[in-house]
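> sequence first, predicted model second:
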Amino acid sequence: MANAAGKLQAYYGGTFDPIHYGHLRPVEALAQTVGLERVVIMPNNVPPHRPQPQASSEQRRAMVELAIADNSLFALDSRELQRETPSYTAETFRQLREEQGETRPLAFIIGQDSLLSLPYWYRYEQLLERCHLLVCRRPGYPVRMQNEEQQRWLEARLTRDIALLHQRPAGQIFLADTPLFDISATDIRHRLAANRPCDEIVPPRVLAYIREHHLYR
Ligand SMILES: Nc1ncnc2c1ncn2[C@@H]1O[C@H](COP(=O)(O)OP(=O)(O)OP(=O)(O)O)[C@@H](O)[C@H]1O
Ligand SMILES: O=C(O)c1ccc[n+]([C@@H]2O[C@H](COP(=O)([O-])O)[C@@H](O)[C@H]2O)c1
């Protein structure tokens, strides 16, 4: 495979309805482990495999901005928020490749639940031709894929070699030993609707925005 040109650039997609510490903390640990200088958060407008989010794309973007305001690890890319079509990750990375060339190492960050659903994503094989996958642990999800064929597909791409992620442009899957956070946006929406506290699991500025805009009631 070609030698890498440029630093490993990682993107972190999601619906972020709302963004929470279960999104941020594992990725901070991942960035330390892998040596990522920057993680670009990329919220979607139309998530491919789930109902439309409750908060608007503008509101979810605003909450991401508030969550990362004082954290220089993170940046925001709003390209998927501007699309009215489903945010297929393989398509987004086709565009990123056009912009950044074929040799720069690129990565997409996902949680363990997303890894399990990956075989059902749009053109997921092509996605791996365009980026690495960096996977954070998430409590409550099995560590093996749903069937042996999927497991073999995964194992053929797994690496523990961090240097490889920086050398190759794409194609490897790295399972990071990140801390577990039993937090989901679904649970947060339920808690907020029931007037239960979320102070430990949502950044304070995001919580203030949610209250100010009467979200998730
Ligand atoms: N607690 C968590 N630990 C590790 N990864 C997470 C966690 N929460 C979300 N992720 C990952 O973050 C990405 C974006 O997730 P998403 O915005 O759908 O959050 P969510 O909490 O799973 O939302 P919802 O409950 O609405 O489905 C996904 O790849 C998901 O696997
Ligand atoms: O490309 C696909 O088919 C696809 C299917 C499901 C999810 N994704 C992407 O995976 C990321 C996490 O998705 P979600 O639904 O957990 O927020 C987000 O960036 C989605 O756009 C992508």
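That came through, no problem. Ligands and ions are numbered 1, 2, ... in the order given.
> partners of the residue of the chain found nearest ligand 2 in the sheet?
Nearest residue of the chain to ligand 2: Gly13, at 2.2 Å (Cβ to the nearest ligand atom). All C-beta atoms are positioned from the backbone trio N, CA, C, and that covers glycine. Beta bridges link Gly13 to Met42 when assigned by DSSP bridges.
> so what's it up against?
Taking Cβ atoms under 8 Å, 6 or more residues apart in numbering as the contact definition, Gly13 lies against 42-44, 80, 87, 89, 92, 108-110.
> same check on Leu66?
Taking Cβ under 8 Å, 6+ apart, we find Leu66 in contact with 203, 205-206, 209.
> quick check on the residues you listed: which are buried?
Buried subset of those (neighbour count, 16 or more other Cβ atoms under 10 Å): 203, 206, 209.
> what's in contact with the longest helix anywhere in the chain?
The longest helix of the chain (DSSP state H) is helix 21-34. Contact partners of helix 21-34, identified using Cβ under 8 Å, 6+ apart, comprise 8, 10, 12, 14, 16, 36-37, 39, 67-68, 71, 73-74, 109, 111, 134, 136-138, 162, 165, 174, 176-179, 181-184, 200-203.
> show me which of those residues neighbour ligand 1.
Intersecting those with the contacts of ligand 1 gives 14, 16, 111, 136, 138, 181, 183-184 (criterion: Cβ under 6 Å from any ligand atom).
> related to what we said a few turns ago, would you write a ChimeraX line that selects the buried entries of the contacts of Gly13?
In ChimeraX, a selection of the buried entries from the contacts of Gly13 looks like this (16+ other Cβ under 10 Å):
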select :42,43,44,80,87,89,92,108,109,110
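> turn the contacts of Gly13 into JSON lines, including secondary structure.
Below are the contacts of Gly13 laid out as JSON lines (DSSP: H, G, I helix; E, B strand; the rest coil):
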{"residue": "Met42", "secondary structure": "strand"}
{"residue": "Pro43", "secondary structure": "strand"}
{"residue": "Asn44", "secondary structure": "coil"}
{"residue": "Glu80", "secondary structure": "helix"}
{"residue": "Ser87", "secondary structure": "coil"}
{"residue": "Thr89", "secondary structure": "helix"}
{"residue": "Thr92", "secondary structure": "helix"}
{"residue": "Phe108", "secondary structure": "strand"}
{"residue": "Ile109", "secondary structure": "strand"}
{"residue": "Ile110", "secondary structure": "strand"}
